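Engineer: next come a sequence and a model predicted from it.
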Amino acid sequence: MNLQCTLCPRLCLLAPGQCGYCRVRINLDAKVRALTFARPVALHLDPMEKKPLYHFLPATTILSLATVGCNLHCINCQNWQISQANPWDSEAYHLEPEALVALTIERQAPSIAYTYTEPLVFYEYTLACARAARAQGIYNVLVSAAYINPEPLAQLLPWIDAANIDLKAMDDTFYQRICDATLWPVLDALIAIKAAGVWLEVTNLLIPTLNDSNPAIAELCRWVVTNLGPDTPIHFSAFTPRYKLQNLPRTPAATLLRARDIARDAGIHHVYLGNLLLEEANHTYCPHDNTLLIQRRGFQILANHLDQGRCPTCLTPCPGKWS
Amino acid sequence: MVMNDIDPKRRLLLSALTAIPLAGAAILTLRPPRTTPKPTHTTAAATLAPSLRPLHPNALEQPHDWAG
């Protein structure tokens, strides 16, 4: 019997034994399953700042994992070796949710990140791990492109504490041409994540000539301010030629600095620049009196001046989860 | 009606039409049987045997290049 996978907006129609676009979800025994359940291919202890999450438990480690598969096909994918791999071609660890949580506790990491590829295509594993982690007081972090239907997202969000969502452009044509996807489900998901009370930070990878014009950046920032609020941090990341997009140069530092100015003009309080080591590009400042709150170099915290989550000078609370 | 009662031109046409399916059947019979199944998603999934690797004690601390 043919089945339809209703997890993401692709709504793949699957004949028995057939995998969907994501290569992972399959019609087996009259049920849509993920072949990668409990089969992570990447498992690492990372700094929280690498996700990147700058306003969520700074300077802590986070156990980060991924299975193969993705429901997007971005031609510039940085992790294409695993995101575009077949489950049957990949060597994986066997790690049941309870074992993952035990490992996280053993390594004294306060959080787990579902990251590197697209955690929403290994949805059942993410959900099972998040439930098991929550039961042990461990936080769950989603690093995703948020290309998912509203219903499964709503079922997952109560178990998620923080998320960094990749908003690739405010342009549906960009999503179609570069990612083989569409924009609107991502925007809906971002609004749903914010509304669910999940701590949210947004990443925008700036690719020369494709999404780095002043109007494109300004439109994205305006949308974030209007729909997610000015306290939602934005991380502008530099592109490096990867995978099938090798004909464009790296994003220059000037583009990132220009994007930061546009974002600040649009009203975003916290703007960070990633993938390039720029002085003062990763510090957190008080939006009220511009006091330096957290000093960073790359993923390293050099100083944290926050006093119980507040600016030490004017006592304005800095949004985020700090302990 | 027997063939001899039919106009010679029509008889020739009918003979030709009868020969076409006969020729097709002969071709199908002569085609060698397929020895290997056509690769499909179904066969890929059916032969799926997840290759598992052990988790070494220091595996988590290994440097890596994955973004995110």
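Structural biologist: Received, thanks. Numbers count the residues shown, from 1 in each chain, chains lettered A, B, ... in the order given.

Engineer: which SS state does A:Thr203 fall under?
Structural biologist: On the three-state scheme (DSSP: H, G, I helix; E, B strand; the rest coil), A:Thr203 is labelled strand.

Engineer: that one contacts A:Ile165, doesn't it?
Structural biologist: Yes - if you go by C-beta atoms under 8 Å, A:Thr203 and A:Ile165 touch, sitting 7.2 Å apart. Any C-beta I mention is one placed from the backbone N, CA and C, and that applies to glycine too.

Engineer: for chain B, name the helix or strand with the lowest mean pLDDT.
Structural biologist: When each helix and strand of chain B is scored by mean pLDDT, DSSP states H and E, helix B:41-46 comes last, with a mean of 50.

Engineer: and the top helix by length along chain B, what's buried?
Structural biologist: Taking DSSP state H as the criterion, chain B has its longest helix at helix B:8-30. Residues of helix B:8-30 classed as buried by neighbour count (16 or more other C-beta atoms under 10 Å in any protein chain shown): none.

Engineer: equivalent analysis for stretch A:221-238, please.
Structural biologist: By neighbour count on 16+ other C-beta under 10 Å, the buried set for stretch A:221-238 is A:221-225, A:228, A:230-238.

Engineer: the residues you listed: which ones sit near chain B?
Structural biologist: Contacts with chain B are made by none of the buried residues of stretch A:221-238, judged by C-beta under 8 Å from any C-beta of the partner chain.

Engineer: which one of the residues you listed is nearest A:Arg260?
Structural biologist: Of all the buried residues of stretch A:221-238, A:Arg260 sits closest to A:Phe236, with 6.6 Å by C-beta to C-beta.

Engineer: roughly how far does that closest one sit from A:Phe56?
Structural biologist: Computed with C-beta to C-beta, to the nearest Å, the distance linking A:Phe236 and A:Phe56 is 18 Å.

Engineer: check the secondary structure at A:Asn102 for me.
Structural biologist: Quick fix: residue A:102 is Ala, not Asn. Assignment for A:Ala102 (three-state DSSP): helix.

Engineer: that one: neighbour count?
Structural biologist: Neighbours of A:Ala102 under the rule other C-beta atoms under 10 Å in any protein chain shown: 14.

Engineer: next, count neighbours for the one residue in chain A that gets nearest to chain B.
Structural biologist: Taking C-beta to the nearest C-beta, chain B has its nearest neighbour within chain A at A:Gly17, 3.3 Å off. Counted with other C-beta under 10 Å, residues neighbouring A:Gly17 total 16.

Engineer: my guess is it meets A:Ile26, correct?
Structural biologist: Yes - contact criterion C-beta under 8 Å: A:Gly17 and A:Ile26 qualify, at 7.0 Å.

Engineer: let me know the secondary structure of A:His235.
Structural biologist: Under three-state DSSP, A:His235 falls in the strand class.

Engineer: look up how far A:Asp166 lies from it.
Structural biologist: Here A:His235 is placed at a distance of 9 Å from A:Asp166 (C-beta to C-beta).

Engineer: now do the shared contacts for these two.
Structural biologist: Common neighbours of A:His235 and A:Asp166, using C-beta atoms under 8 Å, 6 or more residues apart in numbering or on different chains, are A:202-204.

Engineer: how about the residues you listed in TSV, adding pLDDT and neighbour count?
Structural biologist: Output for the shared contacts of A:His235 and A:Asp166, formatted as TSV (pLDDT from 0 to 100; neighbours: other C-beta atoms under 10 Å in any protein chain shown):
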residue	pLDDT	neighbour count
A:Val202	98	23
A:Thr203	98	22
A:Asn204	98	24
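
Engineer: which one of those residues is nearest B:Glu61?
Structural biologist: Set against B:Glu61, the nearest of those by C-beta to C-beta is A:Thr203 (24.9 Å).

Engineer: which residue comes closest to the closest one once chain neighbours are left out?
Structural biologist: Spatial nearest neighbour of A:Thr203, chain neighbours left out: A:His235 (4.5 Å); criterion: C-beta to C-beta, 6 or more residues apart in numbering or on different chains.

Engineer: close enough to count as contact, A:Arg33 and A:Cys19?
Structural biologist: No - counting by C-beta under 8 Å, A:Arg33 stays clear of A:Cys19, with 10.3 Å between them.

Engineer: who has more neighbours, those two?
Structural biologist: Shown here are A:Arg33 and A:Cys19; by other C-beta under 10 Å, A:Cys19 has more neighbours (24 against 15).

Engineer: element containing the residue nearest in space to the middle of chain A?
Structural biologist: In chain A, the residue lying closest to the centroid (C-alpha atoms, centre = their mean) is A:Val143, at 2.6 Å. Element membership of A:Val143, judged by DSSP states H and E, is strand A:139-144.

Engineer: also A:Leu63?
Structural biologist: In this assignment (DSSP H and E), A:Leu63 forms part of strand A:61-66.

Engineer: which strands border that strand, and is each parallel or antiparallel?
Structural biologist: Strand A:61-66 has the following sheet partners, assigned by DSSP bridges: strand A:42-47 (antiparallel), strand A:111-114 (parallel).

Engineer: what sits up against it?
Structural biologist: For strand A:61-66, the external contacting residues (C-beta under 8 Å, 6+ apart) are A:40-48, A:50-51, A:79, A:82, A:95, A:100, A:103-104, A:107-117, A:119, A:141, B:60, B:66, B:68.

Engineer: show me how far that strand is from its chain's centre.
Structural biologist: Centroid separation for strand A:61-66 versus its chain: 13 Å, with C-alpha atoms, centre = their mean, to the nearest Å.

Engineer: could I have the CA atoms of stretch A:315-323 written out in PDB?
Structural biologist: Coordinates of the C-alpha atoms in stretch A:315-323 are reproduced here as PDB (Å, rounded to 0.1, in the frame of the first residue of the first chain):
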ATOM      1  CA  LEU A 315      20.300  46.100  35.400                       C
ATOM      2  CA  THR A 316      18.400  45.600  32.100                       C
ATOM      3  CA  PRO A 317      17.800  41.900  31.700                       C
ATOM      4  CA  CYS A 318      19.600  40.300  28.700                       C
ATOM      5  CA  PRO A 319      17.300  37.900  26.900                       C
ATOM      6  CA  GLY A 320      18.300  34.300  27.000                       C
ATOM      7  CA  LYS A 321      19.000  31.400  29.400                       C
ATOM      8  CA  TRP A 322      22.200  32.100  31.200                       C
ATOM      9  CA  SER A 323      22.400  29.400  33.900                       C
END
